[in-house]
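Trainee: have a look; sequence and predicted model below, questions after that.
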Amino acid sequence: MQLREALGQIAEIRERMATSQTFRGYRSATTAISGVAAVSVGLLQSFLLPDPAQNVKAYIALWASAALLSLVIVAIEMVVRVRRSGSAMQRQLSLLAVEQFMPSVVAGALLTYVIYAFIREATWLLPGLWMILFALGVFASSRLLPRASFAVAGFYLLAGVAALVVSRYGWAYSPWLMAGGFGTGQFAMAAILYLKLEKVRHEPID
């Protein structure tokens, strides 16, 4: 019994230490790739779906595929980095990062299904809702990220609200809502990760 309590206390201490450290599993390169994916899918939509309101299923499938691809790329890099480091702390930080961000992803998937399946006339809300949910995920993860990431979360929140407003005035399903919102946000986050984490680690010490 004492051994089990001791192990539980050690696990709790590790978790508290993890929450006080900066997570280095998110990298600028993969984050920038997700930004490129957003812009690329926006361009692709403008050619393949000139009238997405008439084919909402294809619109959702296109952007869901882009989101899934970005998640898979980030997940693969996180797993590879944890295995290479062999650090229990890095493993704890990675699990904590997933726990903090995934609820917004799951909520986005469920909300998308419910709106498409039962309230299809409200699908024009999806781009704005996706950005708002993504903002909540970044806010939840901000304790593990550089402080400047809080500004990116704020940007996503404002972009999502703006998308909801302008979608009522002819911008519903516009490829540039998603490409502009997620492209700008991910490029900004990539710059923060590089400047605050990666560049600092490689600068020579005088």
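Mentor: Looks like it arrived, so ask away.
Trainee: tell me where the chain has helices.
Mentor: 2-19, 28-48, 56-85, 88-118, 126-141, 149-166, 175-193, 199-202 (DSSP state H).
Trainee: what angle sits between the second one and helix 175-193?
Mentor: When axes from the mean of the first three to the mean of the last three Cα atoms, to 10 degrees is applied, the directions of helix 28-48 and helix 175-193 differ by 170 degrees.
Trainee: only the buried residues of helix 28-48, if you could.
Mentor: Using 16 or more other Cβ atoms under 10 Å as the test for burial, helix 28-48 gives 28, 30-35, 37-39, 41-42, 45. For the C-beta atoms, the positions are set from N, CA and C on the backbone; glycine is no exception.
Trainee: got it, and stretch 62-78?
Mentor: Buried, per 16+ other Cβ under 10 Å, within stretch 62-78: 62-63, 66-67, 70, 73-74, 77-78.
Trainee: min pLDDT across those residues, which one?
Mentor: Lowest pLDDT of these: Met78, 83.
Trainee: that one reaches Ser94, doesn't it?
Mentor: Yes: Met78 lies in contact with Ser94 (Cβ atoms under 8 Å); the separation is 5.4 Å.
Trainee: distance of the closest residue in space to Trp63 that isn't next to it in sequence from Tyr169?
Mentor: Distances taken as Cβ to Cβ, 6 or more residues apart in numbering place Met178 nearest to Trp63, at 6.0 Å, with adjacent residues excluded. Met178 sits 17 Å away from Tyr169, going by Cβ to Cβ, to the nearest Å.
Trainee: among those two, which residue is more densely surrounded?
Mentor: Legend: neighbour count by other Cβ atoms under 10 Å for Met178 and Tyr169, higher for Met178 (27 against 7).
Trainee: list the contacts of that one.
Mentor: The contact partners of Met178, taken as Cβ atoms under 8 Å, 6 or more residues apart in numbering, are 38, 41-42, 45, 63, 127, 130.
Trainee: closest one to Arg143 out of those residues, please.
Mentor: Proximity of the contacts of Met178 to Arg143 (Cβ to Cβ) peaks at Trp130, which lies at 22.9 Å.
Trainee: now that closest one. Nearest residue, chain neighbours left out?
Mentor: The nearest residue in space to Trp130 (Cβ to Cβ, 6+ apart) is Gly108, at 5.8 Å.
Trainee: and what of Trp124?
Mentor: Closest residue to Trp124 apart from its sequence neighbours, by Cβ to Cβ, 6+ apart: Ala172 at 3.9 Å.
Trainee: hmm, that neighbour is touching Ala53, no?
Mentor: Yes: the pair Ala172 / Ala53 is scored as a contact, 6.6 Å apart, by Cβ under 8 Å.
Trainee: the more surrounded of those two?
Mentor: Ala172 (18 against 11).
Trainee: do you know how far that one is from Ala32?
Mentor: From Ala172 to Ala32 the distance is 28 Å (Cβ to Cβ).
Trainee: Phe187 now?
Mentor: Taking Cβ to Cβ, one finds Phe187 at 6 Å from Ala32.
Trainee: report the helix or strand with the lowest average pLDDT across the chain.
Mentor: Between all helices and strands in the chain, the lowest mean by mean pLDDT, DSSP states H and E belongs to helix 2-19, at a mean of 49.
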